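Trainee: Quick one, structure for this:
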Amino acid sequence: MHQRLIARLQAVSGLAQEELAVLNALPHTVRKLDDRESILKEGDGAFTCVVLISGFLYRRKIVGDRSQILSLHVPGDIPDLMTLYLPTMDHDLISVGQSIVGTVPHAALRAMFDKQPSLVHTFWRETLIDAAIFRHWVGNLGALDALHRVAQLFCELAVRLEFVGLLNRGSFAFPLTQADIGSACGLSTVHTNRTLQALRRRGLLEWRGEMVTLPNRGELEALADFNADYLQRSSKSA
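Mentor: Modelled structure (predicted):
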């Protein structure tokens, strides 16, 4: 757990040696999750926070008869950090493919903040970046066509996985389905398939099994008009 969490925080905030020591000592319980297994459901009370160690998670909201993916989470993320102050879930948190998480008691996090107050600002920054990603997704849903929405999603994931050392020559593990992409981007499965085929024809996306490759990432970012500033890479990690 510590490796991915620290890589994530180093990428966006930078960490002092004393902060690293406290984070490395953070107690946690490892839990393995199957594909589509729920960690928390809407209405549940939370007493721990989840740090994603490997795999993917997504937040989901059921609206009427539609399942909407609200966000995707990669290793190093803490997707339920808000439960420190908002302990009742207003959405579901679900594993995509097999994943491994570390659960950290709220009490342990609060004790860590008492011992190393500077980390309060680091974790608060995480919630602000999370909110920035939400805003970016909402803006994309309202303003972009299908090709740009899907291209932006892959560009974003590449940056976030690069933060934690999980982007290898433009390739990364990707257990999501076309239906998942459609749910995240507000598209039907048929429209999603057409959009993915368009990216393939342009030589910007390869997707085989559970592995995605971006053969020309710069060209994909140009097509998507992608600007990663909202992900807040720290100058200390560049």
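Trainee: got the contact list for stretch 92-102?
Mentor: 1, 28-42, 50-62, 72, 79-80, 175-176, 180, 210 (C-beta atoms under 8 Å, 6 or more residues apart in numbering). Backbone N, C-alpha and C define where each C-beta goes, glycine included.
Trainee: Give me the buried positions along it.
Mentor: 92, 93, 94, 95, 96, 97, 99, 100, 101, 102 (16 or more other C-beta atoms under 10 Å).
Trainee: same check, this time on stretch 100-120
Mentor: Within stretch 100-120, the residues scored as buried using 16+ other C-beta under 10 Å are 100, 101, 102, 103, 104, 108, 109, 112, 113, 116, 119.
Trainee: Filter those down to the ones in strands?
Mentor: 100, 101, 102, 103, 104 (DSSP state E).
Trainee: nearest to residue 218, of the residues you listed?
Mentor: residue 100 (32.4 Å; C-beta to C-beta).
Trainee: Next one: the closest one from residue 32, what distance?
Mentor: Applying C-beta to C-beta, to the nearest Å, the value for residue 100 to residue 32 is 5 Å.
Trainee: Residue 77 now?
Mentor: Relative to residue 32, residue 77 is positioned 17 Å away (C-beta to C-beta).
Trainee: again with residue 139
Mentor: Relative to residue 32, and taking C-beta to C-beta, residue 139 is found at 35 Å.
Trainee: try residue 40
Mentor: On the measure of C-beta to C-beta, residue 40 and residue 32 end up 16 Å apart.
Trainee: between the two, which one's more packed in?
Mentor: Set side by side, residue 40 and residue 32 show more neighbours around residue 40, with 20 against 13, by other C-beta atoms under 10 Å.
Trainee: what is the more buried one paired to in the beta sheet?
Mentor: residue 93 (DSSP bridges).
Trainee: now it: how far from residue 176?
Mentor: 20 Å.
Trainee: Only the buried residues of the single longest helix found in the chain, if you could.
Mentor: If you go by DSSP state H, the chain has its longest helix at helix 118-143. For helix 118-143, burial by neighbour count (16+ other C-beta under 10 Å) applies to 119, 122, 123, 126, 129, 130, 133, 136, 137, 140.
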